[in-house]
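Peer 1: Sharing a model prediction with you, sequence too.
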Amino acid sequence: MSNKIEIKELYFDYTGKKKTYSALENINLEIKEGEFICILGSSGCGKSTLLSILNGLNKAKSGKILIDGKEISGPGVNRATVFQNYSLFPWKTVKGNVLFGAKQSANRKNYTKEERNKKVIGYIERVGLLNSLDKYPFELSGGMQQRVAIARALALEADILLLDEPFSAIDPKLRLELQELVSRLSKEHNKTVVFITHDIDEAILLADRIVVMEPKRIKEVLSVNLSYPRLRDELVGRKDYELLHKKLISLFYENISNDIDSEVIL
Ligand SMILES: Nc1ncnc2c1ncn2[C@@H]1O[C@H](COP(=O)(O)OP(=O)(O)OP(=O)(O)O)[C@@H](O)[C@H]1O
Ligand SMILES: [Mg+2]
């Protein structure tokens, strides 16, 4: 399978008036077409920054990102992003927000208005919000807003889905349903997905490979060789699952304890 995304020697810093803070250093990663990558790492290690460069909102200070072999220079309709903070249009209803996604789709010309409407309603149904079609974001809970953001991203029908902790504000039952939905849709439509999470179980449930980050850098990349669909109840107790889980816990908590150590001033 060919590489969909190539990240080469990426460096990024935030430059303020007085200080420069390097947020990412020497990031290298190749992502295959149709691959589901989870990025796991503690708070502040640079996950959202990396996603913002993949999305095109921020530009690499050095190094580059290639998509389908071409260097990116800004946002594009081949990438749909679900941000950590929902970022819906406050003046549009649920339906209006998702319709906006559909109108940006590179495939938009292939559909009649009726077909497009049907698709939009279908995506809203899949995230369980049919009863809230005409509500505005301020009338929705955080979890509901995030579901609208997911429906809007799906409506864009982009090859690449970039998701920044999309389920962190969603209750456990719905979270499981949405995890299954994103996993199934990404496989059915051969999407290439970069999904950020703090949650080890979520990463194992979804990912083909898990990229564990430490502050500014990639610490380790692990393959998840468990067949799909993965059902949480069936995974628990399996030896391969338990081993991977243990390994991730040690990698993840080692980072967290290092972070805490570096912040403690005696
Ligand atoms: N606009 C900004 N200006 C200056 N520094 C920033 C800015 N945005 C992020 N940072 C810093 O860059 C580092 C990485 O931030 P980032 O938001 O990428 O972390 P993260 O891994 O997504 O964390 P979280 O899990 O809490 O969302 C942090 O130390 C943060 O303080
Ligand atoms: Mg973040």
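Peer 2: That came through fine. Numbers count the residues shown, from 1 in each chain. Ligands and ions are numbered 1, 2, ... in the order given.
Peer 1: For this protein, what lies in contact range of ligand 1?
Peer 2: Selection of the chain residues close to ligand 1 by C-beta under 6 Å from any ligand atom yields 14, 21, 23, 41, 43-49, 84. Where you see a C-beta, it was placed from the backbone N, CA and C, and this is true even at glycine.
Peer 1: which pair in those spans the largest distance?
Peer 2: By the measure C-beta to C-beta, the residues of the chain next to ligand 1 have their two most distant members at Y21 and Q84, which lie 18.8 Å apart.
Peer 1: Show me the beta-bridge partners of the residue positioned nearest the centre of the chain.
Peer 2: Nearest to the mean C-alpha position of the chain, counting by C-alpha atoms, centre = their mean, stands L163 at 1.9 Å. Assessed by DSSP bridges, L163 has beta-bridge partners V82, F195.
Peer 1: Where do the helices of the stretch 151-266 of the chain begin and end?
Peer 2: 172-188, 200-206, 232-235, 239-263 (DSSP state H, counting those that start in this stretch).
Peer 1: Switch the ones you listed over to TSV, and while doing so, append mean pLDDT and distance to G69 to every line.
Peer 2: Shown next, in TSV, are these (pLDDT from 0 to 100; distance: least, C-beta to C-beta, whole Å):
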stretch	mean pLDDT	distance to G69
helix 172-188	85	22
helix 200-206	93	26
helix 232-235	81	36
helix 239-263	77	32
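Peer 1: Correct me if wrong, but K18 is in a strand.
Peer 2: No - assessed with DSSP: H, G, I helix; E, B strand; the rest coil, K18 is coil; it does not lie in a strand.
Peer 1: Going forward, count from 26.
Peer 2: I'll keep to 26 as the first residue from here, and by that count the last item is K43.
Peer 1: So what sits opposite E245 in the bridge?
Peer 2: The partner list for E245 in beta bridges (DSSP bridges) reads V237.
Peer 1: residues contacting it?
Peer 2: 236-237, 276 (C-beta atoms under 8 Å, 6 or more residues apart in numbering).
Peer 1: could you dump these to CSV with neighbour count?
Peer 2: Putting the contacts of E245 into CSV (neighbours: other C-beta atoms under 10 Å) gives the following:
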residue, neighbour count
V236, 23
V237, 23
L276, 19
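Peer 1: For the stretch 126-275 of the chain, which residue gets nearest to ligand 1?
Peer 2: Ranked by C-beta to the nearest ligand atom, the top residue of the stretch 126-275 of the chain for proximity to ligand 1 is H223, at 6.3 Å.
Peer 1: Skipping its backbone neighbours, what lies nearest that residue in space?
Peer 2: The shortest distance from H223 to any non-neighbouring residue, by C-beta to C-beta, 6 or more residues apart in numbering, is to E190 (6.7 Å).
Peer 1: Go through stretch 264-273 and flag the buried ones.
Peer 2: Of the residues in stretch 264-273, those buried by neighbour count under the rule 16 or more other C-beta atoms under 10 Å are 266, 269-270, 273.
Peer 1: Kindly confirm my reading that I56 is in a strand.
Peer 2: Yes - in this structure, I56 lies within a strand as judged by three-state DSSP.
Peer 1: measure it to L186 for me?
Peer 2: Computed with C-beta to C-beta, to the nearest Å, the distance linking I56 and L186 is 12 Å.
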